[in-house]
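Engineer: Whatever this is, show me its structure:
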Amino acid sequence: MSELAFASATELAAKIRSKEISAEELLELYLQRVDKYNPELNAIVVDIRDAAIERARAIDAALARGDDPGPFAGVPMTVKESYNVAGTPTTWGNPDWKDNVPTEDAESVKKLKSIGVNIFGKTNVPLSLADFQSYNDIYGTTNNPYDHERIPGGSSGGSAAALAAGLTGIETGSDIGGSIRNPAHFCGIFGHKPTYNLLWMRGHTPPGDIRSSSDISVIGPMARSAHDLETALRAMAGPDEIVARGFQLNLPEWGERRLADLKVAVWRNDEQAPVSTETEARVSMVAQALRDAGASVDDDARPDFASAHSHDTYQDLLQATMAMRMPDDDYDSLKAYVDQLDPNDQSAGAKVLRAQVSSFKDWGSANEARHQLRWRWHEFFNQYDILLTPMMATPAFKHDHRKFGERTIMVDNEERPYFEQVFWAGLTGVAFLPSTVIPTGLTEDGLPIGVQIVSAEYNDLITIGIAQELEAAGFTFTPPPNYLDD
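Structural biologist: As a prediction, the model looks like this:
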């Protein structure tokens, strides 16, 4: 039955609709796998199976009546722990929030339920969603299903691990610094970071009825197939109720376009965040597949800005946004410390600290620089349809729970700063661009590597459509061998 466990959500829903399997039987299959494999993986950390069993029976009854519960009717689903699901804790891995139990689903959860998914659990995250790894003092550490000594990514690490291990049918994550995209890369699945504010984030917030959207941050789908990304995105996308009074969603469609029609730019590596030879080769592999399909591929095209300027702008905005999540006392202590810094200290660490407590004037300057970048990208994508880039410097690395300042990663035997890797997420994230990560197969060590497909704002269905074409050409999810049932 492992073949069924690793099927796409689209395929699973089709089997339920054709009565090859009932929603209740499919849920039971996944629950059996969770009981067997999750103790060693620790991807699913909140269990709501009793409610899911009742919902599965209701979906089966609806189908028997001839009703249509939606395109994902009966597909068992887990969601990232940071989403509100009524009656379950939403802690963001923070022990101070362990008693936060919302009474209402996040708006995106409501939309996903409206197309038939059956949510039976929630998946692990790092503390405050602020790491490439997924561990915290409430739920413990999540492992990579391809190698338990390695990380699954973060902050949607539990989401990616559960999908890759065949423990759930589809997932949804969030992303401010690659938190959808780097777990997709590390676990060999598909992930989509939408255009900023394309998906209403209400209910994916710290405790409290927060209505504002966090800068840069987005929510988006994760799956074992690019076709699932499209269905989930279409369900979740759309303006909030106020904006909807005057605006309607009208995304450009991939439709009947062909890969041969594309103008493709390729950004294989950058001195700001060097990637391994192996990772760079995977970007070249995808570029060659597009070239073989008839696309025009340009290895030298770049938008009109320096990568260092883009990264500095991203860091200024990212650090200020992340610092908003700090408790007031911690923030006040940080501000007092920054006030004591030597004005001549322009080290990377000092710049990060200053950005975390930046004045509105300084933030406003960074915001203007960001919008200048958006226009440069707009001009670039008037000439090119998509850009290919790496997602992270290397395949999944081993767990490292030391303090952030003590961590490093090895890139082709060179020791590099740990958070340097956020460059590839920030390059596109700071400018609100959509990007879809696709798997490119396993390394000789059996570890996945992903590649990022980027396009202009609101071209979400374009990057997903290209991902679908590449999936059909062989860039598919590969199950981890140790999770294939005999």
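Engineer: So what are the structural domains in the protein, by residue number?
Structural biologist: Using automatic domain parsing, the domains assigned to the chain come out as 2-263+430-483, 307-378.
Engineer: Out of those domains, which is closest to residue 398?
Structural biologist: Residue 398 sits nearest to domain 2-263+430-483 of all the domains of the chain, at 5.3 Å, using CB to CB. From N, CA and C alone the C-beta is placed, and that goes for glycine too.
Engineer: what about the closest one, how long is it end to end?
Structural biologist: In domain 2-263+430-483, first residue to last residue: 8 Å (CA to CA, to the nearest Å).
Engineer: ok, now stretch 163-176?
Structural biologist: Termini of stretch 163-176 sit 21 Å apart (CA to CA).
Engineer: Tally up the residues packed near residue 49, please.
Structural biologist: Using other CB atoms under 10 Å, the number of residues around residue 49 comes to 18.
Engineer: ok, back up a step: from the domains of the chain, which stretch is densest packed?
Structural biologist: domain 2-263+430-483 (a mean of 22; mean count of other CB atoms under 10 Å).
Engineer: dump the residue contacts of the nearest residue to residue 117 once chain neighbours are set aside.
Structural biologist: Spatial nearest neighbour of residue 117, excluding adjacent residues (CB to CB, 6 or more residues apart in numbering): residue 77 at 4.2 Å. Residue 77 sits next to 9, 112, 117-120, 168-171 when contact means CB atoms under 8 Å, 6 or more residues apart in numbering.
Engineer: at 6 Å what do you get?
Structural biologist: Applying CB atoms under 6 Å, 6 or more residues apart in numbering to residue 77 gives the contacts 117, 119, 169-170.
Engineer: Kindly report the same for residue 356.
Structural biologist: Applying CB under 6 Å, 6+ apart, the residues near residue 356 are 319, 323.
Engineer: Confirm residue 221 sits in a strand?
Structural biologist: Yes - under DSSP: H, G, I helix; E, B strand; the rest coil, residue 221 sits within a strand.
Engineer: Nearest the geometric middle of the protein, what residue?
Structural biologist: Taking CA atoms, centre = their mean as the criterion, residue 180 is the residue nearest the geometric centre of the chain, at 1.0 Å.
Engineer: quick one: terminal-to-terminal distance for stretch 75-92?
Structural biologist: Across stretch 75-92, the terminal residues are separated by 25 Å (CA to CA).
Engineer: re the thing from before, now do the residue nearest to the centre of the chain against residue 38, distance only.
Structural biologist: For residue 180, the distance to residue 38 (CB to CB, to the nearest Å) stands at 21 Å.
Engineer: now do residue 11
Structural biologist: 23 Å.
Engineer: longest helix of the chain?
Structural biologist: helix 360-380 (DSSP state H).
Engineer: For that helix, name the packing helices and strands.
Structural biologist: Here helix 360-380 touches helix 307-323, going by 3 or more CB pairs under 6 Å, 6 or more residues apart in numbering; DSSP states H and E.
Engineer: neighbouring contacts of the helix it packs on?
Structural biologist: With CB under 6 Å, 6+ apart as the test, helix 307-323 has contacts from 214-215, 270, 272, 352, 355-356, 358, 363, 366, 369-370, 373, 423, 426-427, 430.
Engineer: Keep only those of these that are in helices.
Structural biologist: Checked against DSSP H, the contacts of helix 307-323 include these in helices: 352, 355-356, 363, 366, 369-370, 373, 423, 426-427.
Engineer: Below-threshold pLDDT in the chain: ranges please.
Structural biologist: 1, 486 (pLDDT under 70).
Engineer: rewinding a little: which single one of the contacts of residue 77 is nearest to residue 25?
Structural biologist: Closest approach to residue 25 among these (CB to CB): residue 169, at 13.2 Å.
Engineer: Distance-wise, check the nearest residue in space to that closest one that is not next to it in sequence relative to residue 54.
Structural biologist: Leaving aside its sequence neighbours, residue 169 sits nearest to residue 75 (CB to CB, 6+ apart; 4.2 Å). Distance from residue 75 to residue 54, counting by CB to CB: 16 Å.
Engineer: Check residue 332 too.
Structural biologist: 47 Å.
Engineer: Repeat that for residue 382.
Structural biologist: Distance from residue 382 to residue 54, by CB to CB: 52 Å.
Engineer: And residue 418, by the same measure?
Structural biologist: Applying CB to CB, the value for residue 418 to residue 54 is 44 Å.
Engineer: Then residue 194?
Structural biologist: In terms of CB to CB, residue 194 sits 32 Å off from residue 54.
Engineer: what do you get for residue 403?
Structural biologist: Taking CB to CB, one finds residue 403 at 45 Å from residue 54.
Engineer: same deal with residue 196?
Structural biologist: From residue 196 across to residue 54, the span is 37 Å (CB to CB).
Engineer: and residue 476, helix, strand or coil?
Structural biologist: Put simply, residue 476 is coil when judged by three-state DSSP.
Engineer: residues contacting it?
Structural biologist: For residue 476, no contacting residues are found, by CB under 6 Å, 6+ apart.
Engineer: so where do the helices sit in the stretch 101-250 of the chain?
Structural biologist: Ranges of helices in the stretch 101-250 of the chain, per DSSP state H, counting those that start in this stretch, are 107-114, 157-164, 181-187, 226-236.
Engineer: Nearest to residue 219, out of these?
Structural biologist: helix 107-114 (5.8 Å).
Engineer: Report the angle between the closest one and helix 226-236.
Structural biologist: 110 degrees (axes from the mean of the first three to the mean of the last three CA atoms, to 10 degrees).
Engineer: what sits against residue 485?
Structural biologist: residue 2 are the contacts of residue 485 under CB under 6 Å, 6+ apart.
Engineer: hmm, I was thinking of residue 125
Structural biologist: Residue 125 touches 81-82, 93, 134, 155, counting by CB under 6 Å, 6+ apart.
Engineer: Out of those residues, list just those in strands.
Structural biologist: Among these, no residue falls in strands (DSSP state E).
Engineer: So residue 439: helix, strand or coil?
Structural biologist: When classified by three-state DSSP, residue 439 comes out as strand.
Engineer: In contact with residue 144, which residues?
Structural biologist: If you count contacts by CB under 6 Å, 6+ apart, then residue 144 has 150-152, 396 around it.
Engineer: What residues does residue 295 make contact with?
Structural biologist: 259, 262, 264.
Engineer: let's see it at 8 Å
Structural biologist: 259-264.
Engineer: Tell me how far residue 105 lies from residue 161.
Structural biologist: To residue 161, residue 105 is 23 Å away according to CB to CB.
Engineer: Excluding sequence neighbours, find me the nearest residue to residue 261.
Structural biologist: Once flanking residues are discounted, residue 261 sits nearest to residue 295: 7.6 Å by CB to CB, 6+ apart.
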